[in-house]
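Engineer: quick one, structure for this:
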Amino acid sequence: MQTPPVTRRIFLKESLVIAGPVVAATTSPLAAAAAEAAPARALKVCCIGAHPDDPESGCAGTLARYAQLGHSVTVVYLTRGERGIRGKSYEEAASIRSQECIAACEVIGARPVFFGQINGATEVNSTQVDAMSRLLAGQAPDVVFAHWPIDTHMDHQVASILAIRACMALPRPPRLFFFEVNTGSQSRGFLPNTYVDVSEVVEKKKAALVAHVSQDGVGIWRQHHEPIGIWRGREAGVYMAEAFVHLTRDNSVSRLPGI
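Structural biologist: Presented below is the predicted three-dimensional model:
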């Protein structure tokens, strides 16, 4: 049987059929994630932040998406923000800010846990690593979010290192993703390889930040996290996104399980 000649039109048509999915997968950092199926079982997700409002700043939208999908979400606050309200004692500030954490977690569908260190006097030592390891072992998380460790605030660095060491100590280490907080003024050298579209939960993220009234949550949103969310959205090809660093061997574009 004689093979018909391949015309330019036939060649282009067949090439597009083959290349189409590849082109689609490379147009946006989120495209590859959308192509993969979510796991069948509910996941356990844990976020570790240094102060009240840090987890909300870094990944409230992502946590809200996990909660909406039926996954279990826990937020661990390393401190209660004891130094965070001028004119208030540590005890008074801790009480106020703890209530703000509870309100914020209600918005995103998470459970708050307070680790017990003191704002401005956080520590990394074997005792604290063991305590964080025991806490995470009890949670048995599939996914952990923590501060990017290169940061101008020492409490942020402490929270990050404790999370890293605790994850390494688990028999089944979870997937660890680092979030950014006030990039430029606090997080430094943050080059994300993972994006989550939070366009549909923007109001939840905003409300979680606004719940931190003592910290001017409205101002935090307008001045810092709305602009960075829109910027990360541009990078990802969506309206608003949250960005993360997942430490892969080749630093290739990664994805979050279950979203």
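
Engineer: quick one: low-confidence parts of the chain?
Structural biologist: 1-40, 249-251 (pLDDT under 70).

Engineer: let me see the ranges of the strands in it.
Structural biologist: Per DSSP state E, the chain carries strands over the ranges 44-49, 72-79, 111-117, 143-147, 175-179, 194-197, 241-246.

Engineer: who does the fifth one touch, helix- and strand-wise?
Structural biologist: Strand 175-179 makes packing contacts with helix 54-68, strand 143-147, helix 154-169, strand 241-246 when contacts are defined by 3 or more C-beta pairs under 8 Å, 6 or more residues apart in numbering; DSSP states H and E. From N, CA and C alone the C-beta is placed, and that goes for glycine too.

Engineer: nearest to Glu92, of those?
Structural biologist: Nearest to Glu92, of all the helices and strands packed on strand 175-179, is helix 154-169, at 19.5 Å by C-beta to C-beta.

Engineer: hmm, who's touching that closest one?
Structural biologist: Helix 154-169 has contacts (C-beta atoms under 8 Å, 6 or more residues apart in numbering) with 48-51, 54, 78-79, 117, 119-120, 122-124, 128-129, 132-133, 135-137, 144, 146-151, 173-174, 176, 178, 181, 186-187.

Engineer: any idea how far apart the tips of stretch 134-145 sit?
Structural biologist: One end of stretch 134-145 to the other measures 17 Å (C-alpha to C-alpha, to the nearest Å).

Engineer: which non-adjacent residue is nearest the residue nearest the centre of the chain?
Structural biologist: Central residue of the chain (C-alpha atoms, centre = their mean): Cys59, 3.7 Å from the mean position. In space, Cys59 comes closest to Phe179 once its chain neighbours are excluded; the distance is 4.6 Å by C-beta to C-beta, 6 or more residues apart in numbering.

Engineer: which residue ranges of the stretch 1-150 of the chain form helices?
Structural biologist: Along the stretch 1-150 of the chain, the segments classed as helices by DSSP state H, counting those that start in this stretch run 8-26, 31-35, 54-68, 90-108, 126-139.

Engineer: hmm, back to that, can I get the strands of the chain in a markdown table with distance to Tyr66?
Structural biologist: Below are those laid out as a markdown table (distance: least, C-beta to C-beta, whole Å):
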| stretch | distance to Tyr66 |
| --- | --- |
| strand 44-49 | 5 |
| strand 72-79 | 5 |
| strand 111-117 | 12 |
| strand 143-147 | 8 |
| strand 175-179 | 12 |
| strand 194-197 | 9 |
| strand 241-246 | 12 |
